[in-house]
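**Student:** the sequence and its predicted three-dimensional model are supplied below.
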Amino acid sequence: MAEMFPTASNKSGVGNDASIPNSDNGGKEKVNMAVGFMLDLKEKAQELMDIQIPGGTGETYGPCWRYVNNDSH
């Protein structure tokens, strides 16, 4: 059975590994391991961003995005 690599359209991990370069130094295995780490980090980050900031404001921890209007220059 072929190794499974997640794709943007298929989060189950079933995908086509044809885009992963062949190499004699374990390139596919390293990519597969790195993707696994990234998916683990995604889950942990989502859990952390669900934690509410103390103070009862309802705000949660996570990235803060600020829109900057460049048209005003």
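**Tutor:** Received the coordinates, thanks.
**Student:** report how many residues lie close to residue 32.
**Tutor:** 17 (other C-beta atoms under 10 Å). In short, each C-beta sits where N, CA and C put it, glycine included.
**Student:** stretch 46-55 - what's its average pLDDT?
**Tutor:** Averaging pLDDT along stretch 46-55 gives 90.
**Student:** can you get me the start-to-end distance on that stretch?
**Tutor:** Its first and final residues considered, stretch 46-55 spans 21 Å by C-alpha to C-alpha, to the nearest Å.
**Student:** try stretch 61-70
**Tutor:** Start-to-end, stretch 61-70 (C-alpha to C-alpha) is 27 Å.
**Student:** ok, residues contacting it?
**Tutor:** The contact list for stretch 61-70 (C-beta atoms under 8 Å, 6 or more residues apart in numbering) reads 48-49, 51, 53.
**Student:** buried stuff in that stretch?
**Tutor:** By neighbour count with 16 or more other C-beta atoms under 10 Å, stretch 61-70 contains no buried residues.
**Student:** repeat that for stretch 44-53.
**Tutor:** Per 16+ other C-beta under 10 Å, stretch 44-53 contains no buried residues.
**Student:** quick one: end-to-end distance for that stretch.
**Tutor:** 17 Å.
**Student:** can you list the residues that contact it?
**Tutor:** 58-63.
**Student:** farthest pair within those residues?
**Tutor:** Greatest spatial distance in those: 58 and 63, 16.8 Å, computed using C-beta to C-beta.
**Student:** hang on, the earlier thing: and the contacts of stretch 44-53 as JSON lines, adding distance to residue 34?
**Tutor:** Shown next, in JSON lines, are the contacts of stretch 44-53 (distance: C-beta to C-beta, whole Å):
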{"residue": "58", "distance to residue 34": "36"}
{"residue": "59", "distance to residue 34": "32"}
{"residue": "60", "distance to residue 34": "28"}
{"residue": "61", "distance to residue 34": "25"}
{"residue": "62", "distance to residue 34": "24"}
{"residue": "63", "distance to residue 34": "22"}
